[in-house]
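Undergrad: Sequence isn't available, so here's the structure alone:
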């Protein structure tokens, strides 16, 4: 017997109800993204096709995705993409899913006037999927940009994103923070969204976040192991007057500020995200 047709709206409502029962936040939005993905549409196009009949050929792959989303697999991994600063990037389990807060780090970096000059230089440490240096490369086409990550899998994803966006001038380095091969006193800006979750808190994170690589989450006992290691290295590699710009965790601003002051940074400032959380620290190397 042939399976009865259902309207797009009926399918969407059923998927949303299932995701809601599985504890998925914003179940309707998730269902819309997954249905649009299956149908090869933009999400907003669904609103023009609520009466469209969907048969088993279209509903079967959606059911698979909805069930996987219900188990906590991140939406971005199921779609294979994530939007960052208005551009689409590949996203999967090889690297941390970029968070909206990190877009603010890019916005702040773009306010530094020296990055608009020819031969300005930027280094992104622990680059993950490469969204930050790739965005900077597209926004500052004259800048020389390097990026590092300790994970070869993450770097492979970053390079795939570079190809996707047509960016061929970023130099990627597989390294623990900053490799010895990079010249000292050579970067006008060093950015880093380092792992900052205290080890003991990893198991308490949401099931979606726990699909991110452990290497991209675990910041050691207090979450700041890598910040303490990066601070002196970054100072050595900044040009006089160059900036260090970090994304940090909740309630870490005081300790990070103290750490940077200890290493002789100047003009250290904690900056809030859109929720008012002190999420970013910027500091300057004295001239």
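TA: Okay, I see it. The model shown is predicted, which means the values in this text are computed figures rather than measured ones.
Undergrad: surely residue 233 meets residue 180?
TA: No - with contact defined as C-beta atoms under 8 Å, residue 233 does not count as touching residue 180 (9.9 Å). Where you see a C-beta, it was placed from the backbone N, CA and C, and this is true even at glycine.
Undergrad: okay, those two: which has more neighbours?
TA: residue 233 (19 against 7; other C-beta atoms under 10 Å).
Undergrad: What segments of the stretch 1-150 of the chain are helices?
TA: 8-21, 27-39, 56-70, 75-79, 100-109, 131-139 (DSSP state H, counting those that start in this stretch).
Undergrad: Determine which of these approaches residue 258 most closely.
TA: helix 100-109 (20.9 Å; C-beta to C-beta).
Undergrad: State the mean pLDDT of the closest one.
TA: Mean pLDDT, computed over helix 100-109, is 94.
Undergrad: Numbering from 86 from now on, please.
TA: I'll keep to 86 as the first residue from here, and by that count the last item is helix 185-194.
Undergrad: How far away from the center of its chain is that helix?
TA: 10 Å (C-alpha atoms, centre = their mean, to the nearest Å).
Undergrad: Give me the residues contacting it.
TA: 169-170, 200, 207, 216-217, 220-221, 224, 274, 276, 278, 330, 332, 356, 358-359, 364-365, 367 (C-beta atoms under 8 Å, 6 or more residues apart in numbering).
Undergrad: Let's see that with 7 Å instead.
TA: 169-170, 217, 220-221, 274, 276, 278, 330, 332, 356, 358, 364-365, 367 (C-beta atoms under 7 Å, 6 or more residues apart in numbering).
Undergrad: Name the residues of it that are buried.
TA: 187-191, 193-194 (16 or more other C-beta atoms under 10 Å).
Undergrad: got those residues as JSON lines, with distance to residue 326 columns?
TA: Listed next are the buried residues of helix 185-194 as JSON lines, based on distance: C-beta to C-beta, whole Å:
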{"residue": "187", "distance to residue 326": "24"}
{"residue": "188", "distance to residue 326": "25"}
{"residue": "189", "distance to residue 326": "23"}
{"residue": "190", "distance to residue 326": "20"}
{"residue": "191", "distance to residue 326": "21"}
{"residue": "193", "distance to residue 326": "17"}
{"residue": "194", "distance to residue 326": "15"}
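Undergrad: For residue 299, state which of the residues you listed is nearest.
TA: residue 187 (19.1 Å).
Undergrad: any idea how far that closest one is from residue 106?
TA: Plainly put, residue 187 is 31 Å away from residue 106 if you go by C-beta to C-beta, to the nearest Å.
Undergrad: What is the burial count for the nearest residue to residue 167 once chain neighbours are set aside?
TA: Ranked by C-beta to C-beta, 6 or more residues apart in numbering and with sequence neighbours excluded, the top spatial neighbour of residue 167 is residue 176, at 3.9 Å. The burial count assigned to residue 176 is 26, neighbours taken as other C-beta under 10 Å.
Undergrad: got it, and the one 5 residues further on?
TA: For residue 181, the tally of surrounding residues (other C-beta under 10 Å) stands at 22.
Undergrad: Skipping adjacent residues, who's closest to it in space?
TA: residue 301 is the one closest to residue 181 (C-beta to C-beta, 6+ apart), at 4.0 Å.
Undergrad: doesn't residue 179 make contact with that neighbour?
TA: No - counting by C-beta atoms under 7 Å, residue 301 sits too far from residue 179 to count as a contact (9.5 Å).
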